[in-house]
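Participant: coordinates only, sequence not included:
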């Protein structure tokens, strides 16, 4: 267990985010300046209480395909995001026939080609080997795609923002022909 | 950094889960009532100490295929789950030849068809292109499927329960012909 | 909400990791001894402040293929890891043309065969159906593989170490022919 005095041994190797809980402590930068062989300088850590926030974001129905939804989601959560110096943002899609993934935020051809891939690798229609057909020919393929890409994402929070790479964005992949609005439970925790 | 007084600026846009740490504060609902364009009302947040709980759940050996295991797992953890108003539940499968995924909890045909898909997309047997064959013809395909679906899940906790959609359940996907019991490290954290 | 007195009702069923915040409390073991039908004994929980640490680890450029990188990553974070009795370690790859997965740490043939599978299931080259071709024939396939395996991992921390199974390791899967160094944001939280 790290107690107050022992925490200084962490200070050589790692940017710890232990922010002052009392105004008399100097503020601690979460993201260190620069990087030397992947090692970053830090300041002595102090512990503080973690904050939690949770809400459900509802995305309007989308056409079948892959959709870049970063700004839609961030718009709904950015005020709370801004309150976190360091933490994690968890996004949980409450559906089994759509998925969430992180991929390129720039060229829309990437999203188009991803849909091409999904339809190529997952059989659909008369020749498909499915038993579960009662909900339409697109349903079982949608379940498969949902498990392939997954229904949740966890993204680090740094200095009040989602700390993704330059070309990364959040995609909602809608796998049904006739979709419904999609609910995403967003849980933020950090300091 | 959000300090006590500033926290009220969060109150317009987001259902923060900052529960009172002193009995004199009124309780705060984590999941807001209803939703207006994805925005939910909240009450002023207060910080409190996060609780942690961690255990290993052992699922008995399963036949090869996809298995709905939500109730088995929840039964082992529900007493601790009930102690969390808001948080995250992490499930980590300590194996490389099985996987965890979230998918439909209702029609067992969906699980059957998913196994059909996995066996169709991942080669197995004499015609398979694998070098890693020493552990049997089902082993390398099992490793592939494990990375395709993944070995961990994170599910939000709300009001003492896993906050999944109506039709979502936790699946253990067993990819070996002759399985062993499967260990899942469960980590709960929240307030 | 679990308050101090109520926390004892958790004590029957679950190894809670609620470590003493005051030196007068006896230490609490996070991983219980043994397991009886998946249920593990515990000691009464007490709450304490969660610690957070976050840094960016930079992995040097790798050849195309699957690479076991556990020791490289752990070497950069182990001093901070050692400060956590119980928690979660999150690894977020800030790229869309590589991926992270957990798989076998022993036989390198498994990594070789995984690359064989990825190249078999994702079309590449002249016959590939992609529109996004401006960044080279390996680029769109790389985006597909990145979403198939995902760009993040969450691994439990127990007693100062990543609590993976005996044969599990962290893989960086490089999907580009000419790679660049890869950045991974590591976020640790726990007690």
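Facilitator: Perfect, thanks for sending it. A quick note: this is a predicted structure, and the numbers were derived from the prediction, not measured.

Participant: Do I have it right that residue A:90 meets residue A:151?
Facilitator: No. With contact taken as C-beta atoms under 8 Å, residue A:90 and residue A:151 are classed as non-touching, separated by 11.5 Å. Every C-beta, even on glycine, is put in place using the N, C-alpha and C of the backbone.

Participant: who's in contact with whichever residue of chain A sits closest to chain B?
Facilitator: Residue of chain A nearest chain B, by C-beta to the nearest C-beta: residue A:94 (3.1 Å). Going by C-beta atoms under 8 Å, 6 or more residues apart in numbering or on different chains, residue A:94 touches A:56, A:151, A:182-185, B:163-166, B:168.

Participant: Looking at residue A:90 and residue A:151, which one has more neighbours?
Facilitator: residue A:151 (26 against 23; other C-beta atoms under 10 Å in any protein chain shown).

Participant: For the nearest residue in space to the more buried one that is not next to it in sequence, list each beta-bridge partner.
Facilitator: Closest residue in space to residue A:151, ignoring its immediate chain neighbours: residue A:93 at 4.2 Å, by C-beta to C-beta, 6 or more residues apart in numbering or on different chains. Per DSSP bridges, the residues bridged to residue A:93 are residue A:184.

Participant: Could you tell me what pLDDT the model assigned to the residue in chain A positioned nearest to chain C?
Facilitator: The nearest approach of chain A to chain C comes at residue A:165, 3.1 Å away (C-beta to the nearest C-beta). In the predicted model, residue A:165 carries a pLDDT score of 98.

Participant: sec struct for it, please.
Facilitator: coil (DSSP: H, G, I helix; E, B strand; the rest coil).

Participant: which stretches of chain A form helices?
Facilitator: With DSSP state H as the criterion, chain A has helices at A:70-81, A:108-121, A:139-149.

Participant: Can you lay out those helices as TSV showing mean neighbour count?
Facilitator: Rendered in TSV, the data for the helices of chain A read as follows (neighbours: other C-beta atoms under 10 Å in any protein chain shown):
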stretch	mean neighbour count
helix A:70-81	18
helix A:108-121	19
helix A:139-149	25
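
Participant: will you turn those helices into a markdown table that also has distance to chain B and mean pLDDT?
Facilitator: Shown next, in a markdown table, are the helices of chain A (distance: least, C-beta to the nearest C-beta, whole Å; pLDDT from 0 to 100):
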| stretch | distance to chain B | mean pLDDT |
| --- | --- | --- |
| helix A:70-81 | 4 | 97 |
| helix A:108-121 | 6 | 98 |
| helix A:139-149 | 4 | 98 |
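
Participant: Reformat these as JSON lines; add distance to chain C.
Facilitator: Output for the helices of chain A, formatted as JSON lines (distance: least, C-beta to the nearest C-beta, whole Å):
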{"stretch": "helix A:70-81", "distance to chain C": "13"}
{"stretch": "helix A:108-121", "distance to chain C": "4"}
{"stretch": "helix A:139-149", "distance to chain C": "6"}
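
Participant: Would you tell me which of those helices gets closest to residue A:129?
Facilitator: The minimum distance between residue A:129 and those falls on helix A:139-149, with 9.4 Å, by C-beta to C-beta.

Participant: packing partners for that closest one?
Facilitator: When contacts are defined as 3 or more C-beta pairs under 8 Å, 6 or more residues apart in numbering or on different chains; DSSP states H and E, helix A:139-149 packs onto strand A:98-104, helix A:108-121, strand B:98-104, helix B:108-121, helix B:139-149, helix C:139-149.

Participant: How is chain A divided into domains?
Facilitator: Residue ranges for the structural domains of chain A, counted by automatic domain parsing, are given in the record as A:4-42, A:51-123+A:135-190.

Participant: Out of those domains, indicate the one that is most buried.
Facilitator: Among these, judged by mean count of other C-beta atoms under 10 Å in any protein chain shown, the one packed with the most neighbours on average is domain A:51-123+A:135-190 (a mean of 21).

Participant: That one: end-to-end distance?
Facilitator: Length of domain A:51-123+A:135-190, first residue to last, C-alpha to C-alpha, to the nearest Å: 6 Å.

Participant: Low-confidence stretches in chain A?
Facilitator: A:1-48 (pLDDT under 70).

Participant: how about a cut-off of 50?
Facilitator: Using pLDDT under 50 as the threshold, the predicted model of chain A has low-confidence ranges A:1-46.

Participant: quick one, phi psi at the nearest residue to the residue of chain A closest to chain C once chain neighbours are set aside?
Facilitator: Spatially, and ignoring its direct neighbours in sequence, residue A:165 is nearest to residue C:94 (3.1 Å; C-beta to C-beta, 6+ apart). The phi and psi torsions at residue C:94 (degrees, to the nearest 10) take the values phi -90, psi 40.
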